[in-house]
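K.L.:
Next input, structure requested:
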Amino acid sequence: MTRLARLFLGVVGGTLTGGALAGALSTPARAAEEATEGPPTGPCDGPGPRNDIAVEPFSFAARAIALQYERYVLPPRFSLVGGLGLRGAALGDYSSTTYDGIVEWRYWFLGRRPFVACGRGAMAGPYVGFHFDTGYTTLRDRIEDRTVGSQITFTEILGVGYRGTLWRFFEITPSVGLAVVTETDPGGHFAAYTRLTLAFGLTAGWMF
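P.N.:
Numbering: from 1, shown residues only. This next block holds a predicted model:
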């Protein structure tokens, strides 16, 4: 006997209560709705990506490469960045090589893009960060093939930035901040020199 026939007999016989009638009528609709439900497919459903690998596009123009990795350590507010860089420069008869290491702690104001609900958070939107950079530079005389000297540079930056995302995974992050730069001589021949300057940054990467 079909469901419709049983429903008809129950109504006629007076054995089907109002609650049972409502449940019987809603069962097909509920089943159809459950059948169409699936995993979240929207751009910001569920938790956002927890990792990011990025490069600094402008570094290539300066004969350098900078690669960084970011982890969403305490969603939805805090992430930690670590990175390495290598830069070379030709200065006439001289050449220099710089090795960089960076660490940055970021606080995300929204933990998502503005006006978009991104589930349990995402490394997107505005942030404030504290950036620490250490660079070691060697200067070499290419004519005499010898090392002329070296320098260690410490840079602290307090800055703000904004991360925009495309297709949820590709990101572009510009930033600006106030930097304190201290240059030191490992050999102790020169006194340390500290200066205050503006720092601008831009990274592009892949979130996953």
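K.L.:
In the helix or strand containing Thr173, which residues are buried?
P.N.:
Assigned by DSSP states H and E, Thr173 belongs to strand 170-184. For strand 170-184, burial by neighbour count (16 or more other Cβ atoms under 10 Å) applies to Glu171, Thr173, Ser175, Gly177, Ala179, Val181, Glu183, Thr184. Heads up, the C-betas are built off the backbone N, CA and C, glycines and all.
K.L.:
Checking Glu144 next. Helix, strand or coil?
P.N.:
Under the three-state scheme (DSSP: H, G, I helix; E, B strand; the rest coil), Glu144 adopts coil.
K.L.:
what about it, distance to Gln151?
P.N.:
19 Å (Cβ to Cβ, to the nearest Å).
K.L.:
Distance to Ala62 and pLDDT added to the buried residues of strand 170-184, as CSV?
P.N.:
Converted to CSV, the buried residues of strand 170-184 look like this (distance: Cβ to Cβ, whole Å; pLDDT from 0 to 100):
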residue, distance to Ala62, pLDDT
Glu171, 22, 94
Thr173, 19, 97
Ser175, 17, 98
Gly177, 19, 98
Ala179, 17, 98
Val181, 17, 98
Glu183, 18, 97
Thr184, 22, 96
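K.L.:
out of those residues, who's nearest Gly48?
P.N.:
Glu171 (10.8 Å; Cβ to Cβ).
K.L.:
buried ones in stretch 97-105?
P.N.:
Thr98, Asp100, Ile102, Glu104.
K.L.:
where's the second one, which helix or strand?
P.N.:
Going back to what we said before, that points to Asp100. strand 94-108.
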